[in-house]
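[1] sequence below, structure please.
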Amino acid sequence: LDPPALTAAIRRCRSVMELQALLDRQAPVMNARHVAIMTYQLPRALAAAAAAPPDAADATSFPFHDAPGSSSSGSSSSSLAGRAARVGALDLAERLARLSMRFMAEFSPQDFSNITWAYARLAYRPSPSWLQACAAVSAPLLPQFEGRQLTSMLWALGTLRVVPGVSWLRSAAAVSLEFAQSGALNPQGLALTLWAMARLAYVPASSSSTPSSSASSSAPLTTAPEPNGSSTPLLQMLTAPSDWAS
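    Numbers count the residues shown, from 1 in each chain. Here you go, the predicted structure:
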């Protein structure tokens with residue numbers, strides 16, 4: 001397949017097995033964009049399978065939630081198929097993560113946003129080396145991100161509790177502030193950004209309130225500390241200028 005045809009084929013996949021089979025056949029000719037799109041498609045394939053009724057299950061659909069009113073045997077079969085689908089999805093995510101290391105320097109802001117979003121949806125945490133490379137390569141690109149792209153990536157990092165370094169977070173906070181002040185960040189985007197920063201234990205308004213386990217963007221990525229029940233960091237972050245977009 002030529003690159004446009006392969007892109008179209010990836011987008012047509014509706015199950016984990018279809019994605020796996022396509023990767024098996026096309027991995028040698030895939031480029032950065034193909035890897036990003038396939039990664040993005042993975043949790044969507046699982047979601048599509050979840051919406052399918054148990055009696056629609058076949059070798060490629062693997063629904064993983066029981067449908068209302070399904071029989072006990074159908075529920076059991078569907079549950080087993082769901083577990084198999086999730087195992088397959090995580091295995092495919094791991095394969096794609098390894099493949100993406102070859103293309104890290106070629107990823108665009110949209111690619112970083114889509115890939116991290118997909119990992120968060122899958123509750124898949126890539127290797128420390130992958131996360132380190134992601135933070136290092138994406139940091140200089142932060143001013144090129146669009147509001148929605150940066151919000152999505154922050155949400156993903158917050159969901160996975162991956163701290164990409166204080167320098168990275170400081171740059172992301174500065175870019176997000178510019179978005180908010182210019183009206184490029186809507187209320188939902190602002191709320192998600194604040195949530196992610198709080199979850200990562202980073203408070204832009206206070207240089208002393210930084211993730212204790214990470215000192216710079218070049219340091220290994222770490223796990224954010226669990227919340228201690230205090231709402232102070234989030235409240236501090238909400239003291240934003242009056243001209244933030246609503």
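[2] can you get me a residue count around the residue lying closest to Phe112 once chain neighbours are set aside?
    Nearest non-adjacent residue to Phe112, counting by CB to CB, 6 or more residues apart in numbering: Ser138, 4.8 Å away. All C-beta atoms are positioned from the backbone trio N, CA, C, and that covers glycine. When neighbours are defined as other CB atoms under 10 Å, Ser138 has 26 of them.
[3] where does Ser138 land on pLDDT?
    You'll see Ser138 listed with a pLDDT of 97.
[4] that one is in what secondary structure piece?
    Using DSSP states H and E, Ser138 falls within helix 128-138.
[5] now the helix or strand just after that helix: mean pLDDT?
    Counting by DSSP H and E, the next helix or strand C-terminal to helix 128-138 is helix 147-160. Averaged across helix 147-160, pLDDT comes to 96.
[6] which parts of helix 147-160 are buried?
    Neighbour counts over helix 147-160 (16 or more other CB atoms under 10 Å) mark 147-160 as buried.
[7] can I get the residues you listed in TSV with distance to Arg102?
    As requested, the buried residues of helix 147-160 are exported to TSV (distance: CB to CB, whole Å):
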residue	distance to Arg102
Gly147	29
Arg148	27
Gln149	22
Leu150	25
Thr151	28
Ser152	23
Met153	21
Leu154	26
Trp155	26
Ala156	21
Leu157	22
Gly158	27
Thr159	26
Leu160	22
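[8] which pair of those spans the longest distance?
    Gly147 and Leu160 (20.8 Å; CB to CB).
[9] for the chain, which segments count as strands?
    Assigned by DSSP state E, the strands in the chain fall at 162-163, 222-223.
[10] ranking those by mean pLDDT, which is last?
    strand 222-223 (a mean of 56).
[11] hey, which helix or strand in this structure has the poorest pLDDT?
    Here the helix or strand of the chain ranked lowest by mean pLDDT, DSSP states H and E is helix 232-237, holding a mean of 32.
[12] surely the residue nearest to Phe112 is in contact with Gln110?
    No - contact criterion CB atoms under 8 Å: Ser138 and Gln110 do not qualify, at 11.4 Å.
[13] quick revisit: for the residue nearest to Phe112, what are its contacts?
    Phe107, Pro109, Phe112, Met153, Trp168 (CB atoms under 8 Å, 6 or more residues apart in numbering).
[14] one more pass at 10 Å, please.
    Residues near Ser138 by CB atoms under 10 Å, 6 or more residues apart in numbering: 104, 107-109, 111-113, 116, 144-145, 150, 153, 164, 168, 171-172, 217.
[15] again with Ala93
    16, 38-39, 42-43, 115, 118-119, 122-126.
[16] and if we set it to 8 Å?
    Ala93 sits next to Thr39, Leu42, Ala118, Tyr119, Leu122, Tyr124 when contact means CB under 8 Å, 6+ apart.
[17] tell me the confidence at it?
    pLDDT, Ala93: 97.
[18] ok, now Pro187?
    Looking at Pro187, its pLDDT is 91.
[19] run a quick neighbour tally on Gly38.
    Careful, residue 38 is Met and not Gly. By the criterion of other CB under 10 Å, Met38 has 31 neighbours.
[20] does it touch Leu19 like I think?
    Yes - look at Met38 against Leu19 with CB under 8 Å: they come within range, at 6.1 Å.
[21] sweet, I'm off.
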